[in-house]
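>>> Predicted model and sequence follow; I will ask about them next.
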Amino acid sequence: MKKVRVKIPASTTNLGPGFDCLGLALKLYNIIEIEEIRKDKVGIEIEGEGKNDIPQNEKNIIFPAIKRVFDKAGKKISRIKIRQINNIPPGKGLGSSAATRIGGIVCASNFLGMNLSREEILKLAASLEGHPDNAAASLLGGLVIVIPQKENFRWIKIDLPPELKVIIALPEIRIPTQKAREILPQNFSLEDIVFNLSRMGTLIYSLVKGEWEYLMLATEDKLHQKYRETLLPGMREAIESALKSGAKGAFLSGAGSGIVALAENKEEKIGKSMQKAFLKRGITSKIMTLRIDREGLKILK
């Protein structure tokens, strides 16, 4: 009986100014498995994060991702068992949904013996996600700049210096991505756009060169964080506390609710400072320190 198993890294996106075009893969993984079964049905099993909240039926977001691939192959989705082992917490801005979808797409394409290109995989994932940044980082690993091109995407992958650590505060608040996107305005001032462009250029330079002294300035943003702050009490204070405690840069992870701090050291001090900032607002949080994943999605033997 056929079985395919893949490992997909978490991701943090935007990194402050890079709204919807910057993603960074992290060493925290979900595992997706598709196994052939004898019964004419589709079964879904879930372990780990979100086990009690994620649907184990066709309402699970992995189902349409897998179905897209089966439809593309002209096959009926049947006689399979889907298994999800989730280590990426959902609703925290770490690309849980993107990891699930990209994992489902790659798993299904390998299960069916299809030879989907990375461009096709990313296009499918982005059509389901609504944006390509998390999916690109999880698929490719490293820091990824996504370049939309009509109906397709191109990208530039950058391997960052290994000494950079990612400290993440995960407040006990879940922010639905749709809600976090709906709160954003449809139009922005020229001043705010220029502000973000200048920070984006500085950010890429700082990360590529390993010149961390620019990161505090480079992770500033005026296109999304100030609007999403209304959904996450303590966000601004957590970012400021991280910077005062030694972080080189800090920002809202994706749509939230996680807050990311970039540092070479002082991880414990930085993490505790973010926890204290949230506690002042009556919000508890967990701290994780992760390394950057350079490989992206892997098919496991």
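Received it, and whenever you're ready, just let me know what you need. Residues are numbered from 1 along each chain as shown.
>>> what about the helix or strand containing F278, distance to the chain center?
Per DSSP states H and E: F278 is located in helix 267-279. Relative to its parent chain, helix 267-279 has a centroid offset of 22 Å by CA atoms, centre = their mean, to the nearest Å.
>>> all helices in this protein, in order from the N-terminus.
Secondary structure of the chain by DSSP state H: the helices cover 62-72, 96-111, 118-129, 133-140, 177-182, 190-209, 215-218, 225-228, 235-244, 267-279.
>>> Let me know the angle separating the second one from helix 62-72.
If you take axes from the mean of the first three to the mean of the last three CA atoms, to 10 degrees, helix 96-111 sits at 30 degrees to helix 62-72.
>>> Which elements pack onto helix 96-111?
Secondary-structure packing of helix 96-111 (3 or more CB pairs under 8 Å, 6 or more residues apart in numbering; DSSP states H and E): strand 3-14, strand 18-36, helix 62-72, strand 80-86, helix 118-129, helix 133-140. All C-beta atoms are positioned from the backbone trio N, CA, C, and that covers glycine.
>>> contacting residues around I239?
With contacts defined as CB atoms under 8 Å, 6 or more residues apart in numbering, I239 is in contact with A250, F251, L252, I259, A261.
>>> count of neighbours near the residue nearest to the third one when sequence neighbours are not counted?
Read that as L252. Nearest non-adjacent residue to L252, counting by CB to CB, 6 or more residues apart in numbering: Q225, 5.1 Å away. When neighbours are counted by other CB atoms under 10 Å, Q225 registers 21.
>>> what's the answer for the one 3 residues further on, then?
By the measure other CB under 10 Å, the count of residues near R228 is 22.
>>> wait, what's in contact with it?
Counting by CB under 8 Å, 6+ apart, R228 touches I175, A180, I183, L184, M235, L252, A255, G256.
>>> Do you know the pLDDT at I37?
With respect to pLDDT, I37 scores 86.
>>> do you know how far it is from I105?
Counting by CB to CB, to the nearest Å, the gap from I37 to I105 is 20 Å.
>>> Ok, E295 next?
Per CB to CB, E295 is found 18 Å from I105.
>>> Just want to know which of the two has more residues nearby.
Neighbour tally, E295 and I105, criterion other CB under 10 Å: the higher count belongs to I105, 29 against 12.
>>> isn't the more buried one right next to K67, touching?
No. When contacts are counted by CB atoms under 8 Å, I105 is not listed as touching K67 (10.3 Å).
>>> Q84 bridge partners, please.
Beta bridges link Q84 to I32, I46, judged by DSSP bridges.
>>> no wait, N14
Beta-bridge partners recorded for N14 (DSSP bridges): G18.
>>> Stretch 89-99 spans what distance, first to last residue?
11 Å (CA to CA, to the nearest Å).
>>> Most neighbours of all the contacts of R228, which one?
Highest neighbour count within those, by other CB under 10 Å: L252, with 31 neighbours.
>>> related to what we said a few turns ago, now the two most distant members of the contacts of R228.
Farthest apart among those by CB to CB are L184 and M235. That separation is 14.9 Å.
>>> and the helix holding F278, what other elements does it pack with?
On a contact count with 3+ CB pairs under 8 Å, 6+ apart, helix 267-279 meets strand 165-171, helix 235-244, strand 259-263, strand 285-290.
>>> tell me the domain ranges of the protein?
Following the assignment in automatic domain parsing, the chain carries domains at 3-159+293-300, 165-290.
>>> Show the average pLDDT along the last one.
Mean per-residue pLDDT for domain 165-290: 95.
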